[in-house]
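Q: I would like the atomic coordinates for the input below:
(one chain, ligands or ions: 1)
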Amino acid sequence: MKEYLKQSADKLSIKITEKQLNQFEIFYHMLIETNRTLNLTAITEMHEVVLKHFIDSISVVKFINLSGKKIIDVGTGAGFPGIPLAILVPDANFVLMDSLQKRIHFIENVLRECQILNVKTIHGRAEDIGQNLDYREKFDYCVSRAVAALPVLLELCTPMVRVGGSFISYKSELLEEELQQSKNALSILHCKVGEQYHYSIPDRDFYRVLAEFKKEGKLQKKYPRQAGKPKKNPL
Ligand code: SAM
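A: Here you go, the predicted structure:
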């Protein structure tokens, strides 16, 4: 696993140290083992986990310097992209958030076993946490992968981003279509479309894109709306 991860990261010009490879290895074994009893991922074959979870998660460091930044991962699930990013950028501070307590509990076990010291977890819904003043407009970056379509995701994620910070969404071919549907949300949430970073997963040639949204102004108090509303009635 370690050798394949190192080779694949090399293809994206991302360097991983021996200590970090060991942390990834422990995480990998815990993911596979826990997945026998807890639904964490449909992807379990070693090469697929390396490419679709680890490499995809860390791709952001190819484009953006996260060093020293405060980052929140919304809907982290089994810890993607948050745990791989926290391993790779130990001097950034991460908060990993999910609405499922069992997944948060799994993440806490991983953090302990892998001795990952730069991550805190929070159990809750993004709609509630976005209204909590300890988290609202406090982060340099929010990242999120495979949680919702863009108009919904923007309301869940951008409330945590400080003015001047960015939300980075992991997307694929549907991005252009989702952008067309997000014009109203972007205007209400005071966000502007930023850079798009294109890459493909080594050995698979899956097209991926990281879409950046820049937060330009303070959010009105009524956003995010109460839990369930963003999905039921997207902006
Ligand atoms: N980001 C991970 C990944 O890429 O593998 C997990 C993706 S999983 C399909 C979606 C996750 O988002 C689930 O763990 C779910 O509990 C969480 N989620 C969905 N809606 C949420 C919300 N409103 N607030 C917090 N977490 C949410």
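
Q: for residue 205, give me the pLDDT.
A: Listed pLDDT for residue 205 reads 78.

Q: also residue 62?
A: With respect to pLDDT, residue 62 has a value of 95.

Q: again, but for residue 216
A: 97.

Q: show me what contacts the nearest residue in space to it that is not next to it in sequence?
A: Take residue 216 and drop its neighbours on the chain: the residue closest to it by CB to CB, 6 or more residues apart in numbering is residue 190, 5.1 Å away. (Glycine included, C-beta is placed from N, CA and C.) Shown in contact with residue 190 (CB atoms under 8 Å, 6 or more residues apart in numbering): 215, 216, 217, 218, 219.

Q: quick one, phi/psi of residue 190?
A: Backbone torsions of residue 190, given as degrees, to the nearest 10, read phi 60, psi 50.

Q: so how far is the ligand from it?
A: Distance, residue 190 to the ligand, by CB to the nearest ligand atom, to the nearest Å: 21 Å.

Q: packing partners for the longest helix along the chain?
A: When the chain is scanned for its longest helix (criterion: DSSP state H), the result is helix 18-34. Other helices and strands packing on helix 18-34, by 3 or more CB pairs under 8 Å, 6 or more residues apart in numbering; DSSP states H and E, are helix 2-11, helix 82-88, helix 101-113.

Q: what comes up buried for that helix?
A: 20, 21, 23, 24, 27, 28, 30, 31, 34 (16 or more other CB atoms under 10 Å).

Q: dump the residues you listed to TSV, plus pLDDT and distance to residue 85.
A: Putting the buried residues of helix 18-34 into TSV (pLDDT from 0 to 100; distance: CB to CB, whole Å) gives the following:
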residue	pLDDT	distance to residue 85
20	98	11
21	98	15
23	98	12
24	98	12
27	98	12
28	98	16
30	98	17
31	98	16
34	97	20
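
Q: thinking again about what came up before, off-centre distance for the longest helix of the chain?
A: Its chain's average C-alpha position is 18 Å from that of helix 18-34, according to CA atoms, centre = their mean, to the nearest Å.

Q: could you do stretch 40-54 as well?
A: 16 Å.

Q: average pLDDT across stretch 112-122?
A: The model assigns stretch 112-122 a mean pLDDT of 98.

Q: right, quick check: it against the ligand, any contact?
A: No - using CB under 6 Å from any ligand atom, stretch 112-122 never reaches the ligand; the gap is at least 9.3 Å.

Q: start to end distance for that stretch?
A: Using CA to CA, to the nearest Å, the end-to-end distance of stretch 112-122 comes to 15 Å.

Q: show me which residues of that stretch are buried.
A: By neighbour count on 16+ other CB under 10 Å, the buried set for stretch 112-122 is 114, 116, 119, 121.

Q: between those, which sits nearest residue 99?
A: residue 121 (12.2 Å; CB to CB).

Q: hang on, that closest one in a strand?
A: Yes - under DSSP: H, G, I helix; E, B strand; the rest coil, residue 121 falls within a strand.

Q: gap between it and the ligand?
A: Per CB to the nearest ligand atom, residue 121 is found 12 Å from the ligand.

Q: for residue 13, same thing?
A: Taken as CB to the nearest ligand atom, the span from residue 13 to the ligand is 23 Å.
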